[in-house]
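Engineer: sequence first, predicted coordinates after that:
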Amino acid sequence: MTASVNVVSHPLVQHKLSLMRERDRSIKGFRELLNEIGTLLCYEVTRDLPLEMVEIETPMSPMKAPKIAGKKITFAPILRAGVGFLDGMLALVPSARVAHIGLYRDPNTLAAVEYYFKAPTDLSDRTAVLMDPMLATGNSACAGASLLKARGARDIRFVCLLAAPEGIAQFQKRHPDVPIWTAAVDERLDDHGYILPGLGDAGDRMFGTK
């Protein structure tokens with residue numbers, strides 16, 4: 001059974017995404033919006049985390065109250081652009097551990113090339129949130145999910161800003177057990193593997209590079 005694709009239709013997410021798509025949006029504005037959307041997407045991707053009832057004391061009396069069960073979350077941004085989500089997500093889950101996945105796209109083959117991977121050792125007991133703004137060809141997302149699984153991760157969720165149908169198909173073929181959260185599914189890829197209408201290269205727009 002193929003995991004779901006969850007399009008986050010919240011008005012704030014859709015509004016901020018439209019601002020990010022604008023060609024003349026400043027680097028500062030783009031970066032801030034990506035951070036804000038990261039917070040909103042984190043809220044959605046963690047909606048079904050398991051809870052357990054624990055004993056606490058309020059200023060008035062003891063009670064049983066819900067807290068997140070078990071070990072917490074590991075955020076796993078794909079470098080570079082995935083770090084744009086990180087601060088927004090850590091604002092909601094400041095105790096989360098962070099894995100870093102260094103991948104770049106070969107300009108000729110569009111294949112994902114690994115250059116760095118650093119992650120906690122106990123991913124089997126944690127929910128791993130893999131993140132990259134663009135799910136285009138799907139190659140980087142697939143490679144990132146494979147690295148997390150090799151480290152023992154069993155509960156992986158992938159979060160992106162935009163997805164192309166081609167990238168979704170590739171990711172679901174390689175990792176049918178990993179659900180996707182995205183703000184929008186766009187029309188298609190162009191001949192260079194960029195999403196149309198998209199918003200350009202998220203990393204370049206975030207960091208002011210070409």
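Structural biologist: Yep, it's here. Numbers count the residues shown, from 1 in each chain.
Engineer: CA only for contacts and neighbour counts going forward, please
Structural biologist: Will do.
Engineer: mind giving me the packing neighbours of the strand ranked longest in the chain?
Structural biologist: The residue-count maximum for a strand in the chain (DSSP state E) belongs to strand 155-163. If you count contacts as 3 or more Cα pairs under 8 Å, 6 or more residues apart in numbering; DSSP states H and E, strand 155-163 packs onto helix 27-45, strand 127-131, strand 134-135, strand 180-185.
Engineer: enumerate the positions of the helix or strand just after that strand that are buried.
Structural biologist: For strand 155-163, the succeeding helix or strand toward the C-terminus, using DSSP states H and E, is helix 165-174. By neighbour count on 16 or more other Cα atoms under 10 Å, the buried set for helix 165-174 is P165, E166, G167, I168, Q170, F171, Q172, R174.
Engineer: summarise which helices and strands helix 165-174 is packed against.
Structural biologist: Applying 3+ Cα pairs under 8 Å, 6+ apart, one finds that helix 165-174 makes contact with helix 139-150, strand 188-189.
Engineer: that one versus helix 139-150: what angle between them?
Structural biologist: For helix 165-174 against helix 139-150, the angle by axes from the mean of the first three to the mean of the last three Cα atoms, to 10 degrees is 20 degrees.
Engineer: alpha carbons of helix 165-174, as CSV, please.
Structural biologist: Taking C-alpha atoms only, helix 165-174 is exported to CSV below (Å, rounded to 0.1, in the frame of the first residue of the first chain):
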residue,chain,number,x,y,z
PRO,A,165,3.9,14.7,-10.1
GLU,A,166,7.1,13.0,-11.4
GLY,A,167,8.9,13.4,-8.1
ILE,A,168,5.9,12.0,-6.2
ALA,A,169,5.8,9.0,-8.5
GLN,A,170,9.5,8.3,-8.1
PHE,A,171,9.4,8.7,-4.3
GLN,A,172,6.4,6.5,-3.9
LYS,A,173,8.0,3.9,-6.1
ARG,A,174,11.2,3.8,-4.0
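Engineer: distance from that helix to the middle of the chain?
Structural biologist: Remark: helix 165-174 is offset 15 Å from the chain centroid, using Cα atoms, centre = their mean, to the nearest Å.
Engineer: check stretch 56-67 too.
Structural biologist: Taking mean C-alpha positions (Cα atoms, centre = their mean), stretch 56-67 and its chain are 34 Å apart.
Engineer: now do it, average pLDDT.
Structural biologist: For stretch 56-67, mean pLDDT is 95.
Engineer: correct me, but I180 touches N6?
Structural biologist: Yes - with contact defined as Cα atoms under 8 Å, I180 counts as touching N6 (5.9 Å).
Engineer: and the two? Which one has more around it.
Structural biologist: For I180 versus N6, neighbours defined as other Cα atoms under 10 Å are more numerous around I180 (23 against 16).
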